[in-house]
Structures are given as C-alpha cells and as structure tokens.
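J.: structure here, sequence nowhere to be found:
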C-alpha cells in the first residue's frame, strides 16, 4: 500500500500528463474501477482513496467492490464541512454531530470522504450512530467499508456471503443492516438455519428483530412461543407485544376486558390468583416490578405495560382522560404509572404521553417518581409535547429552574429541540437573574450544565438580543462570563455549520 502511495505522489509531483502510471498503479486503478478520461483527475481520485485506505489500518488485498466509483461520486462532497467535522471528532463540539448528520440527510448530501474512517468506526459502536452515519456515507463510504473486514458488514447484503457458513458476529452485523434496509430478508436468513443454531445464537438473532418489527414477523414469532427454551419464548412474546395489531395483543385485550370492570368512574380490578399455562405462553408471569400492587393486580399492570394505551379506550369505550383519572385513584399510583409509562415507551402515543407528562409536572412532589423510568420517558418525549409542557410551566414564571424540579430534569434529559418561544423565555430569565445586583450564590450552579445543554437544543439562529449583549457588571455575573462565552460559541458554531450545509449546491 505504501508503495502505491509513493507512485501516486510521483505522478502528482511530475504531472500525470507527462508520466504514465506504473503497471502496479494501473492494475490497482482497474481493480478498484477508478478510471477517468482526464489523467490528472484519475490520479487525484486515486490519491484521495489511497489516503482513506491507509487510515483503515487493515486493508483487504482481495476485494469485491460493491459498486464502481466514478468521478461524479467523488465530487459530491462539501469541503467546507471538514472544519466542523474535525472540531466535533476532536471533542470540542461533539454534541452537535447528530444534528449535522441529520441535516446532511435532509439535504441529500454526504459527509466529506476524509472523515469516513472515523465515522464508520462510530457506526460499528451502536445502532444510534449506525442509523446516522450510513445514510450519508455515500458511494465512497460503501466502497471504503468493503475494504475493511469489520466495516464491510455495515453495508452487506444477504448475497455477499454464505449465511450458513458465516461466523456468529458476521451474521449479527448483517442482520443489523438488513433489519433497517430489508427486514423480511433478515427474517428469512434467521429461519434458514433456525433448527440447527444453538439457542444462545437464536436468542441473539431474535433481539435483532426488534428493529423494523412488523406484522410480517408475527407468524414466525408465534411459533417461537412454543419453543422448548423459556428464554426464546419470553423474547418472542416481548417482540410480539411490539406489534400493535398482533394476535398476542388481541389476547391481552381480551384478558383485560375480563379482569377490569368500569364502576362509576373507577376501575374494579380482578385477575386470576396466578398465571395459567396460556398466560405464561403469552409472556405473563408474576413480576416483582408490580409486587406492591399485590399478585393478582400486578398481573393486570404487567399486561397494560405491553399494549398500546389507546387500545384501552376501545376496550372500555371511555376517553383517555377518563381512563387515566380512574387509574390515578388507585391506592398505590406508582403501579399504574409504571405500567402506563412503559406502555408509552413501547408504543409512543402523543395523547397518552401528554397525560403522563402533565401529571408528572403538576404532581412532582410525590415520592413515587424516583422509582419510575423518568429518564427514559424524558428522552422519548415528542417535540410538540415537550415545548407545550415547558411553556405552560415557565410562561408566567421569571424564576430560575430549581435544580431538583421535574421541569429541570425533563429539559436535561429530553432529546427534542426547544422552540424559539421556550428558548427565549429560558435565556431571558437567566440574563435577568445575572443582571440582579446580588453577591455570588451557589443557587444557580446547575445552570453551568444547563447552559451547555441549551446551547445544543435552542434554535441556532436566535435573535442577537438573546445571545449577545450580556451584562457582566454585577458581582454575581462576573463568575459566569466563561460559561456564557461557551454558550455563545456553541450557538455560533451550530449556526455556521448549518449555513455551510444549506448554502452548498451539489
């Protein structure tokens, strides 16, 4: 590889129009389908791709290029973005990376090829980065991945290798890709060797079905409910519960109709003493999570957490508000809250999410919240629900957010953007507090973390009166100058980054 690099450098220095490529380089160019009528462009393309290959550290000498590269593919990149990627990959503005990758996808642009090695490594780490990086890797990204033994699975298709002979980790990598691109093909591969595979491997395969789960998976998963291994049966039941219209969900609803009776605005709960064989087949067991509700009532809440909450409206022919109010009359509201929050996480519903969110913010003094998955719930909040809920809390409140408040927790852990109105109030309140003639206080120390969080969440193009003209003349404000400077620099970085994408023309 280094020898080829020296040959390319020689051609670049002496001029491709004067020096014919040596045979070794000619063979490499043909092998990798890097051909162009203009010699200079051909050599430049070769130099660019060779530099990428050298970054991979592990290069496959025998390759099968998934699809040929050509000059137009090589030219579809925005060189201005290299500065921003470099800053984020070095750790300076890392939290802006997901925003940039999503923006590139929305504009049908690809990442610069110079940063592909780092991004492909990140794509191997987890599904979060995989789903952000692959759509903007482009033809060069697919080509480069094919040259690396680890990366090649990122874009592999079922016909790229023999499933039956492939190693377990290779199978898992291919399944991850196919469940996002061709979910039914992934299922067919799993079924092709299901009877021969060890149960531990089958369990790993089932977990990969969660991505892209749909009705087309139901028949196979129903059969898995009768598997000889309990672990397989439980995984299958959990996956079937992710399909809102599955037969399993229907059986859950039939049981709830028998176990729950509407009685003058409240629920009468009456479940069996213990699960029977059919219930266990459907993944219903005595659960320690609902022990506080008692064994029988705990079975009911265990089923509720698996179904879409909106299905309850059909079963009881009552509104979501009526059903939620009835559940909140339970002696131990922690149990129905846990079931409904888990239901909202499994089957996101804007309506039921809003009910739970508003109840939390209005009743945050209750001690049960510390036992509930509020971080996961906050991360799942829809954009509309998030900004509406925050606005109701801060519209007429000039105080800083209390560090231990539910609202502060929600803002720190939610993922959606804050709209301009909410952002303006939060920033204005903090600026007003800084300008108050008071000595330094530890009261707002948590705003150091919150300011950086807001810098990545508020609109990057906020009006200058919000992001500029900070008054550091008060005794208290002097201690915040560095934190505010960091806040402003992040906003400027994001604003320039977005402009670089939006002003680029392919």
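T.: Now that the structure is in, tell me what you want to look at. Computed from a prediction, not measured in an experiment: that's the story for all the values here.
J.: low-scoring stretches of the stretch 101-250 of the chain, by residue?
T.: 157-161 (pLDDT under 70).
J.: so which residues of it form strands?
T.: Secondary structure of the stretch 101-250 of the chain (DSSP state E, counting those that start in this stretch): no strands located.
J.: same question, the stretch 251-400 of the chain
T.: 260-263, 266-269.
J.: CSV for these, including mean neighbour count?
T.: Where you see a C-beta, it was placed from the backbone N, CA and C, and this is true even at glycine. Below are the strands of the stretch 251-400 of the chain laid out as CSV (neighbours: other C-beta atoms under 10 Å):
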stretch, mean neighbour count
strand 260-263, 14
strand 266-269, 15
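J.: can I get those in TSV including distance to residue 428 and mean pLDDT?
T.: As requested, these are exported to TSV (distance: least, C-beta to C-beta, whole Å; pLDDT from 0 to 100):
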stretch	distance to residue 428	mean pLDDT
strand 260-263	47	88
strand 266-269	44	87
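J.: okay, the ones you listed in CSV with distance to residue 240 next?
T.: Shown next, in CSV, are the strands of the stretch 251-400 of the chain (distance: least, C-beta to C-beta, whole Å):
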stretch, distance to residue 240
strand 260-263, 21
strand 266-269, 24
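J.: and residue 455, how many neighbours does it have?
T.: For residue 455, the count of nearby residues is 23 (other C-beta atoms under 10 Å).
J.: that one should be in a helix, yeah?
T.: Yes: Residue 455: assigned to a helix according to DSSP: H, G, I helix; E, B strand; the rest coil.
J.: how close does it get to residue 400?
T.: 17 Å (C-beta to C-beta, to the nearest Å).
J.: do the same with residue 206
T.: Using C-beta to C-beta, residue 206 is found at 48 Å from residue 400.
J.: neighbour count for those two, which is higher?
T.: More neighbours surround residue 206 than the other of residue 206 and residue 400, with 22 against 17 (other C-beta under 10 Å).
J.: now do the contacts for that one.
T.: Residue 206 makes contact with 190, 224, 232, 235, 236, 239, according to C-beta atoms under 8 Å, 6 or more residues apart in numbering.
J.: switch to 7 Å and redo it
T.: Contact analysis of residue 206 by C-beta atoms under 7 Å, 6 or more residues apart in numbering lists 232, 235, 236, 239.
J.: of the residues you listed, which is the most crowded?
T.: Ranked by the number of neighbours (other C-beta under 10 Å), the contacts of residue 206 place residue 236 first, at 25 neighbours.
J.: what sits against it?
T.: 206, 221, 224, 225 are the contacts of residue 236 under C-beta under 7 Å, 6+ apart.
J.: give me the subset of the residues you listed lying in helices.
T.: Applying DSSP state H to those, the entries found in helices are 206, 221, 224.
J.: for the last one, which residues are in contact?
T.: The reference is to residue 224. By C-beta under 7 Å, 6+ apart, the contact list for residue 224 reads 232, 233, 236.
J.: I'd say the second one and residue 227 touch.
T.: Yes: applying C-beta atoms under 7 Å as the test, residue 233 and residue 227 come out as touching, 5.4 Å apart.
J.: shared neighbours, these two?
T.: Common neighbours of residue 233 and residue 227 (C-beta under 7 Å, 6+ apart) do not exist.
J.: before we move on, back to that, export the contacts of residue 236 as a markdown table, with columns for distance to residue 164.
T.: Shown next, in a markdown table, are the contacts of residue 236 (distance: C-beta to C-beta, whole Å):
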| residue | distance to residue 164 |
| --- | --- |
| 206 | 18 |
| 221 | 22 |
| 224 | 20 |
| 225 | 26 |
